[in-house]
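Chemist: generate coordinates for the sequence data below:
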Amino acid sequence: MTEPLLVDRTDAVVTLTLNRPTALNALDVALKEALREALTELEQDRTCRAVVLAGAGTAFSAGQDLREHVDALAGPDPLATVLAHYNPIAARLAHLPKPVVAAVRGMAAGAGASLALLADFRIGGPKTRFLMAFAGVGLAADTGASWTLPRLVGHAKAVELLMLAEPVPAAEASRLGLLTRLVEDDEQVLPTAQELAARLAAGPTVAYGAIKRQLSIADAGTLTDALAAEAQAQAICGATADHHAATHAFVEKRKPVFEGR
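Modeler: Below is the predicted model:
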């Protein structure tokens, strides 16, 4: 039986590949559970210093598997998957204390688009498309899209993308900020994402995690909240071996080597 999620390790980079290519990597229960558990393990894995999230085949992810969802509609709680799967996955992706790079080749729709938007960086190619498809099936946003989308494109554009549910082609996605980088060849999307992840994996991992946390606090809070988060982050980062070694390297005019601790 084919694994719904492939986990590949290259040095300090872990690539998680949604592996249902014949279904455009639609998210069924098996895939959601595998992704949720993999992210839980990586959160505590100090040997992993960057994560790449990709889709097998020609699409990143078509979102919720609607064929499976039809059966859930007959049950007492048809959207139970939001609390059981999508919310934990979104929280773990957003709060993962190491960089996440999404290799968005082809279509990213619904919850699939939401997963990509939770990454710190998104690489796309000419065939990349984002589609906030929720309203098209009579649903509101989930998997963190109501939180990530307005932060990336602004409130008014987020309303437009979510309510009109029209596909956003690659060039427009790049202009709006949905993509960090747009490459010229779709075959280069994954290698480019992995190259960026390798660069990040060679950086100060503790500092990257602290940056993610303080930005999250600052987005939702006041200046006072942000200053408190910054003070806490600097206390943590200031005690790391990376900070001490990099400071000495700067003074001695050497290139720093970060160990992620």
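
Chemist: can you tell me the SS state at residue 3?
Modeler: coil (DSSP: H, G, I helix; E, B strand; the rest coil).

Chemist: use 44 as the first number for this chain going forward.
Modeler: Done: numbering now begins at 44, and the last item shifts to residue 46.

Chemist: contact partners for it?
Modeler: Residues in contact with residue 46 (CB atoms under 8 Å, 6 or more residues apart in numbering) are 62, 77. Just so you know, the C-beta spots here come from the backbone N, C-alpha and C atoms, and that holds for glycine as well.

Chemist: and the strands in the stretch 44-193 of the chain?
Modeler: With strands called from DSSP state E, counting those that start in this stretch, the stretch 44-193 of the chain shows them at 48-53, 56-61, 93-98, 143-147, 150-152, 164-167, 172-174.

Chemist: I'd like those laid out as TSV, including distance to residue 248.
Modeler: TSV is the format used below for the strands of the stretch 44-193 of the chain (distance: least, CB to CB, whole Å):
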stretch	distance to residue 248
strand 48-53	16
strand 56-61	12
strand 93-98	8
strand 143-147	12
strand 150-152	27
strand 164-167	15
strand 172-174	29
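
Chemist: out of those strands, the one nearest residue 216 is which?
Modeler: Nearest of the strands of the stretch 44-193 of the chain to residue 216, taken as CB to CB: strand 172-174 at 5.3 Å.

Chemist: which elements pack onto the closest one?
Modeler: strand 150-152, helix 154-160, strand 211-212, helix 213-219 (3 or more CB pairs under 8 Å, 6 or more residues apart in numbering; DSSP states H and E).

Chemist: again, only this time at 6 Å
Modeler: If you count contacts as 3 or more CB pairs under 6 Å, 6 or more residues apart in numbering; DSSP states H and E, strand 172-174 packs onto strand 150-152.

Chemist: what's in contact with stretch 217-231?
Modeler: With contact meaning CB atoms under 6 Å, 6 or more residues apart in numbering, stretch 217-231 is reached by 148, 164-170, 173, 195-196, 213, 216, 235.

Chemist: touching, residue 159 and residue 151? I think so.
Modeler: Yes - counting by CB atoms under 6 Å, residue 151 is a contact partner of residue 159 at 4.7 Å.

Chemist: please identify which of those two sits among more neighbours.
Modeler: residue 151 (33 against 27; other CB atoms under 10 Å).

Chemist: how about the helices in the chain?
Modeler: Residue ranges of the helices in the chain, as given by DSSP state H, are 72-87, 109-115, 123-124, 130-138, 154-160, 188-196, 198-207, 213-219, 232-244, 248-263, 266-281, 284-294.

Chemist: need the winner for burial among these.
Modeler: Burial of the helices of the chain is given as mean neighbour count (mean count of other CB atoms under 10 Å); helix 154-160 ranks first at a mean of 29.
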